[in-house]
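Trainee: Next one to model:
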Amino acid sequence: MSHINFWKQWHKNYRSAYYLLLCVFILSLLCSFYSQFSSADLAYPLEEVRKTQSIDLSIHNIYDFVFELDVPTRNYIIFQGFLSLSSGFNDNISYIFLTIIFLSFSLLLAASTYFSRLWFIIFQSVFVVWVITMKLQYLKLFGVDSQLFTFLIIGLLLIIGYVFHAFKTGVSLLFRWFSFGFVLSILLVLVYWKSPVADPVIFLTHHSIIVPVLLSFIFIFNVSYEIILHILYVLAGKRNQDGSSNLWHFVILSLLYLVYVSLTFARNKLIVQWDIVYLDEFVLLAISAVLGIWGFRKRSELFAKQLPFRPLGGYLYLLLGVITFSTIAWIFANGNDPLVETFEDIIVFSHLGFGSFFLIYVIYNFVGLLKEGVGIYPVVFKPVNIPYYLVRLVGFAIVIILILQSSYLPYYQAVSGYYNSLADYYAHSGNRDAAKTTYKIARQYAFTNHKSNFAIGQMEYEEKKWAEASSYFKQAGWKKPTVQAYVNRAQAQLNAGLYFEALFTMNDAQKDFPDNVYVLNTTGLIYEQLNQTDSSYIYFDAASRAAGVQLDQEIADANKLALLAKNKVNEEVSSDIDLGEKSVPYQANYIALANQKRISLDNFRLDPTTISPNLGYNDFSMLFNYTLNKSLTHKPFEEDTILWLAKRNENEDFYKSINYAAAVRQNYAGNQKEAFSKIYELENSEISDAGFYYFTHGLWLYEQGAYELAEEKFQEAERLKVSGASTLRVINLIRAGRLYEAAKYYQNQFEGNVVDAAMLEQDPLFQFLQGNTAQLPESFLYLWLSTNESLQEVEKDSLISELERSPFLKLYQLDRVEEKIENKQLSKAWDILSSIQIAETEKGLIELKNNLTALLVVMSDRKTETDQVKQGDLAVYPKNYKLLFEAYLAKLNNDSLAADKLMWRLGDENVFFENGVIIASEYFRNKGEQEKAYNFLVEAARLNVNNTLILKEYTLQALRMNLGSYASESLEELRLLLTDEEFERFEKVYEEIKINNTPEAW
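Mentor: Numbering: from 1, shown residues only. As a prediction, the model looks like this:
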């Protein structure tokens, strides 16, 4: 090799073209390695999949100093895994590959016109076969389904080629290339625009792969002994000055190389399974191909007359290399492992066959010269004993023998790879049945090939045939294990409920792919299904640490959060965390965990403009959890509302859940009117969750003190078999003062059951309902005192004395304050309230006293006492005392705009805050806005049924507005609801207003 950069001696135009082809050659080689090392990810991409679960937890509870009742709610958590259900087929790769093939073949056609007649005919025949394999008749160009266009294209190529070969011999190579390229371009345009077949260009690419594969084999044969040739060049490129022998150096190095190739052959044949580094067949090919740039130039001495190396020989070699490596890259990109294995076998067989006989050829012809240290490389293709053509004949014969010895396996794999290619086209074009059938044909030729089995497994999975899918995925990984096959198989087994089989699959996967994030994460999901929380967490944590990219790590971390939330693990949660940069599933799970611990994430604010209008399960889960989290702080539901999402038809599946979350948010923000309207709609929907909504509605009503309405909801919840509804009915009846009914109902629950008497003695609720006060705790003594209307004064005094040192006495006194307020005895109420001294440790009682202080200040218009109210500590829920006091202060400050707005909210949002509604009504009545005042009371009377405070005010307002019939009707209702003494007092007021009434302006 006299000149490494031999092309520098060429004409400038030839050199420029060679540089271009050399760059394309190197680029195609690099692309083949990229496709090889990322083949599984390219052909079978792993996609994120999620499994949303609803978990029951309580983010609010009701504490009325006696009972602490959890209000059940839901949160959604998202477990994420990975699946490979798409083929990863990229039509752009096929377009690029076909473009390279068309450009290369057009240049080869042009170059072949310079060859001798024999080689011209051979090359033209190859291209005829190539056109035939395109199956143009099936493309139905212009509706023609015959061989017309096949013969037309073949005829044009042959005519153009023969004209250049026989007549226009002086035409430049560039013009010839353009001529052939023009014909092939016209063919491509016709196929693209005039074929009714789906994806016709892809059809062309996948059907015409045979000839590029065969040309690749020829190229592999041609470079198969380049390494031995260049060993010879290094050792015998020139004569040794000391005359030392090169023979043994050459023989030993060549044999070491051939032995290493033989070990790779033995490994592929499963003859040896040694734990050593074997040759990568494609690295071997790449080295040989690069060395062949100079080796082919050397061999061109043999056929210089038929094909001069400068420039046609050089172009031809690089073009064949481009075709070979582009074909390999395309095969790897499609994950066509039978064809990959065919190439591996051909590379190994050819290096063994051609390489070993080339070694014999060199030794037999030049053994004496090698012993004498003569540089034989310059004359290596000028043999003395064995002609060079025997190297090709015998080498090819050895390759054939190895194929036969392998039971035609490379041939069958090649056929299987071809059918896989066709099946890929059918799958891409949407012809699922044809694709499945063709994959099965490919599988018949290579039963354990990954491509066919994996593709069929994907189809069976999508058809929910879990057992069949699992079987195919197992066979896909038999010879070529992939993470995708393991993960898909495990997921199919999980779907079939075969949890332990899935676990065994992942155990096998960890042997082949230790510390793989996808395998570890899937194993964690399996343990989660088995309720093995500790093991699941360990694997999710291991997946997080093994993750190479942030996305995979975040998925594993999100799964850990979901696991902790689901199993109510006491994990530290920071309210200051920045969730803005996290994925939506991570946000959803973190918020669920925060909700479990009732921690408000004040730093996380939802920007409505970033919400996708078409919700997916991930976005929905996060928004649902977020909305519930914001209810913890009783914040208004305005800036970050999600109600508009429920109105979109695309979100119909989430309509009820969005309304439920909104109802929770509005309820705890003090807007009971909207909240109860939504929960009422939900409980009356014909859905399986109606019982849950009845139960929730009942608890909300219970907390508002609307015990009669709550009883109706608990009855419905009990009818629908909601757990806990029966007990809540008993407690609600007690709070309503219906002790006899509560006792009878509670007793009925024990009928037909054997109950230990000792257990009943320890049950304070049972003892309470039996009237056994001797063993009751202080809380139940207070309850007995406050709910039992049949108690005599002596009994009351006795109970009060028992509670003398108890905070429950303070609670009883506060109840009396509320009674005085209800009876309009505001001065007495203020005096009692002022006399009550509460210890600082009793936070709940202090809050209640503060709320009542605010109420009395407003109702009594005690302007000078406003400083006694701790405004920041006023409750928003269940009664919005904070809103009441803010409205009053706005009124005092003569801020009519703010006062009107706040008073409107006070009268409109919570009809169960009777005093708030009445105060708002009086405010607007005093301003002369009678209709507003009346409407508040009408709505409150409609929703807060049988509430005597509301009904009294409504009756009087109707009377003031000269709505006599309405006033009379409500008066009769009050006659039934009030005691005789109470009704007599009210009727007196009614008659006074009636006598003095002048119809007030509306």
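Trainee: Show me which positions of the strand or helix carrying Ile346 end up buried.
Mentor: Per DSSP states H and E, Ile346 falls inside helix 337-371. For helix 337-371, burial by neighbour count (16 or more other C-beta atoms under 10 Å) applies to 337-359, 361-362, 365-366, 369-370. For the C-beta atoms, the positions are set from N, CA and C on the backbone; glycine is no exception.
Trainee: now do stretch 861-868
Mentor: Thr866.
Trainee: ok now it, how far from the chain's centre?
Mentor: 57 Å (C-alpha atoms, centre = their mean, to the nearest Å).
Trainee: what does stretch 866-886 give?
Mentor: Distance of stretch 866-886 from the chain centroid (C-alpha atoms, centre = their mean) equals 45 Å.
Trainee: Just the CA trace of it, in PDB.
Mentor: Below are the C-alpha coordinates for stretch 866-886, written out as PDB (Å, rounded to 0.1, in the frame of the first residue of the first chain):
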ATOM      1  CA  THR A 866     -65.900  44.700  68.300                       C
ATOM      2  CA  ASP A 867     -62.500  44.600  69.800                       C
ATOM      3  CA  GLN A 868     -63.600  41.600  71.800                       C
ATOM      4  CA  VAL A 869     -63.800  39.500  68.700                       C
ATOM      5  CA  LYS A 870     -60.600  37.900  67.400                       C
ATOM      6  CA  GLN A 871     -61.400  38.300  63.700                       C
ATOM      7  CA  GLY A 872     -58.500  36.000  62.500                       C
ATOM      8  CA  ASP A 873     -59.800  33.100  64.600                       C
ATOM      9  CA  LEU A 874     -63.400  33.300  63.400                       C
ATOM     10  CA  ALA A 875     -64.700  30.100  61.700                       C
ATOM     11  CA  VAL A 876     -65.500  29.800  58.000                       C
ATOM     12  CA  TYR A 877     -67.000  26.400  58.500                       C
ATOM     13  CA  PRO A 878     -69.500  25.000  59.300                       C
ATOM     14  CA  LYS A 879     -71.000  28.500  59.800                       C
ATOM     15  CA  ASN A 880     -69.200  31.400  58.200                       C
ATOM     16  CA  TYR A 881     -68.800  33.700  61.200                       C
ATOM     17  CA  LYS A 882     -65.900  35.300  59.500                       C
ATOM     18  CA  LEU A 883     -68.000  36.500  56.600                       C
ATOM     19  CA  LEU A 884     -70.700  37.700  59.000                       C
ATOM     20  CA  PHE A 885     -68.300  39.800  60.900                       C
ATOM     21  CA  GLU A 886     -66.600  41.200  57.800                       C
END
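Trainee: in it, what's buried?
Mentor: 866, 869, 874-886.
Trainee: do stretch 189-199 as well
Mentor: Buried residues in stretch 189-199, counted by 16+ other C-beta under 10 Å: Leu190, Val191, Ser195, Val197, Asp199.
Trainee: is it true that Tyr60 lies in a helix?
Mentor: One thing to correct before we go on: residue 60 is His, not Tyr. No - His60: not assigned to a helix; according to DSSP: H, G, I helix; E, B strand; the rest coil it is strand.
Trainee: Contact partners for it?
Mentor: By C-beta atoms under 8 Å, 6 or more residues apart in numbering, His60 lies in contact with Asp70, Val71, Thr73, Arg598, Ser631, Leu632, Tyr668.
Trainee: So the chain: which segments form each domain?
Mentor: 1-37+221-406, 90-208, 894-1002 (automatic domain parsing).
Trainee: Let me see the ranges of the strands in the stretch 351-500 of the chain.
Mentor: Secondary structure of the stretch 351-500 of the chain, counting by DSSP state E, counting those that start in this stretch: no strands present.
Trainee: typo on my end, it should be the chain
Mentor: In the chain, the strands defined using DSSP state E lie at 47-63, 68-83.
Trainee: Measure how the last one sits relative to strand 47-63, angle-wise.
Mentor: I take that to be strand 68-83. Angle of strand 68-83 versus strand 47-63, following axes from the mean of the first three to the mean of the last three C-alpha atoms, to 10 degrees, is 180 degrees.
Trainee: What's the mean pLDDT across strand 68-83?
Mentor: Strand 68-83 shows a mean pLDDT of 93.
Trainee: from the middle of its chain, how far away would that strand be?
Mentor: Worked out by C-alpha atoms, centre = their mean, strand 68-83 lies 16 Å from the chain centre.
Trainee: How about stretch 954-973?
Mentor: In this view, stretch 954-973 has its centroid 60 Å away from the chain centroid, taken as C-alpha atoms, centre = their mean.
Trainee: What of stretch 461-469?
Mentor: The chain centre lies 21 Å from the centre of stretch 461-469; the measure is C-alpha atoms, centre = their mean.
Trainee: What is the end-to-end distance of that stretch?
Mentor: End-to-end distance for stretch 461-469: 5 Å, by C-alpha to C-alpha, to the nearest Å.
Trainee: re earlier: narrow the contacts of His60 to those that are buried.
Mentor: Val71, Thr73, Ser631, Leu632, Tyr668.
Trainee: what two of these are the furthest from one another?
Mentor: Using C-beta to C-beta, the buried ones among the contacts of His60 span at most 12.1 Å, a distance reached by Val71 and Leu632.
Trainee: shared neighbours, those two?
Mentor: Each of Ile59, His60 lies in contact with both Val71 and Leu632 under the rule C-beta under 8 Å, 6+ apart.
Trainee: May I have the residues that are in contact with the nearest residue to Glu703 once chain neighbours are set aside?
Mentor: Among residues not flanking Glu703 along the chain, Pro878 sits closest, at 4.6 Å (C-beta to C-beta, 6 or more residues apart in numbering). Contacts for Pro878 were tallied using C-beta under 8 Å, 6+ apart; they are Glu703, Gln704, Gly705, Phe912.
Trainee: Next one: Pro878 from Asn894, what distance?
Mentor: 31 Å (C-beta to C-beta, to the nearest Å).
Trainee: go on, Glu972?
Mentor: Distance, Glu972 to Asn894, using C-beta to C-beta: 42 Å.
Trainee: Ok, Leu701 next?
Mentor: Leu701 is 37 Å from Asn894, where distance means C-beta to C-beta.
Trainee: Among those two, which residue is more densely surrounded?
Mentor: Shown here are Leu701 and Asn894; by other C-beta atoms under 10 Å, Leu701 has more neighbours (25 against 8).
Trainee: Number of residues surrounding the residue nearest to Leu339 when sequence neighbours are not counted?
Mentor: Nearest non-adjacent residue to Leu339, counting by C-beta to C-beta, 6+ apart: Gly417, 3.1 Å away. Gly417 has 27 neighbours, counted by other C-beta under 10 Å.
Trainee: same deal with the one 4 residues further on?
Mentor: Neighbour count of Ser421, defined by other C-beta under 10 Å: 26.
Trainee: nearest residue to it other than its sequence neighbours?
Mentor: Nearest residue to Ser421, sequence neighbours excluded (C-beta to C-beta, 6+ apart): His206, at 4.5 Å.
Trainee: How about Ala736?
Mentor: Excluding the flanking residues, the one nearest Ala736 by C-beta to C-beta, 6+ apart is Tyr707, at 3.6 Å.
Trainee: Could you pull up the residues touching the one you found?
Mentor: Tyr707 neighbours (C-beta under 8 Å, 6+ apart): Leu701, Asn732, Leu733, Arg735, Ala736.
Trainee: what's the pLDDT at the nearest residue to Gly548 once chain neighbours are set aside?
Mentor: In this structure, Gly548 finds its nearest non-sequential neighbour in Val517, 7.0 Å apart by C-beta to C-beta, 6+ apart. Note on Val517: pLDDT of 95.
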